[in-house]
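**Q** Provided below are the primary sequence and the corresponding predicted coordinates.
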Amino acid sequence: MSEFTGFPTEAMIFYEGLEADNSRTYWSDHREVYEKAVRGPMLALLAELEPEFGQPHVFRPHRDVRFAKDKSPYKTAIGAYITGGGYVQVSARGLMVGSGYWQTASDQVERLRAAVADDVVGPKLETVLATLRERGYEIAGNQLKTRPRGFDADHPRIALLRYRTLMASREFGEPPWLAEPECASRVAAAWREMRALREWLDRHVGPSRLPQPRR
C-alpha cells in the first residue's frame with residue numbers, strides 16, 4: 001500500500017466528467033485516472049487511519065440498477081466507511097465526512113425513540129447535536145412528516161423523535177489541503193468530533209436484534 005499523499009485535482013475532474021458522461025465508454029477511457037487519482041488515494045487514506053478507527057470498506061463504483069429508474073451504471077462519488085462508524089466520500093464537489101446510523105431496522109427505530117424520549121439520555125443527545133452544529137456539521141436523517149405514534153405533539157424533543165435514522169456530516173469542498181497528506185489528519189479530526197454521536201447511538205440503539213435474512 002502506497003503512502004497517502006492526498007486527493008489530487010484529477011479526482012474531482014474525473015467525477016465532473018463522469019457526471020456529464022456516465023457511460024462505460026467514459027469509464028473505460030478514464031479507468032487509469034480512477035485507479036491512480038481516486039481509488040488509490042482512498043485506499044491509502046483508509047490504511048493510514050485504520051489503526052485508530054477500525055477496518056475500512058470501500059463501496060464498489062458500480063450502481064445496482066436492477067430496480068432503479070436511473071440506469072446510470074456508475075456512482076458519481078467514491079465512498080468508504082470504517083467499523084468505528086466514520087464515513088468519507090470524494091466527488092466532483094470535493095470531500096465529505098460523516099458518521100451516525102444511515103440505515104435502521106424497526107427495532108432500532110423503537111430504541112432510538114425510547115432513548116430520545118428519556119429525560120436523562122435524550123437531553124444528552126441534544127447537547128451532542130448542538131455541539132456538532134456549532135462546529136459546522138449538518139444533522140440529517142430519514143424523518144416522519146408527523147409525530148410518531150404514542151408521542152405527544154408538544155413533547156420537548158418531538159423534532160428528534162421524528163428521526164428514523166440519524167447522522168452528522170460536513171462538506172469540506174476542495175480546500176488546498178485535500179491534495180496534501182494533511183487531509184488524513186483532517187478526516188481523523190472530523191471523525192473524532194463526531195465520535196460522541198456514534199457512541200450515543202451505539203450505547204442506546206445498537207445493532208438490529210431482528211433475524212437477518214439468508215443470503
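**A** Yep, it's here.

**Q** which other residues reach the longest helix along the chain?
**A** The single longest helix within the chain, with elements called by DSSP state H, is helix 182-204. If you take CB atoms under 8 Å, 6 or more residues apart in numbering as the criterion, helix 182-204 is touched by 4, 6-7, 45, 48-49, 52-53, 82, 84-86, 88, 95, 97-101, 111-112, 115, 121, 124-125, 128-129, 131-132, 135, 137, 166-168, 170, 172, 177. C-betas here are computed from N, CA, C, even on glycine.

**Q** Buried ones among those?
**A** 4, 6-7, 45, 48-49, 53, 82, 84-86, 88, 95, 97-101, 111-112, 115, 125, 128-129, 132, 137, 166-168, 170, 172 (16 or more other CB atoms under 10 Å).

**Q** Please determine how far the closest residue to Leu166 other than its chain neighbours is located from Val205.
**A** For Leu166, ignoring the flanking residues on the chain, the nearest one in space by CB to CB, 6 or more residues apart in numbering is Gly141 at 4.4 Å. Between Gly141 and Val205 the computed distance is 12 Å (CB to CB, to the nearest Å).

**Q** Name the residues contacting each of those two.
**A** Residues touching both Gly141 and Val205 by CB under 8 Å, 6+ apart: Tyr101.

**Q** Same drill for those two, tell me which one is more crowded.
**A** Shown here are Gly141 and Val205; by other CB atoms under 10 Å, Val205 has more neighbours (21 against 17).
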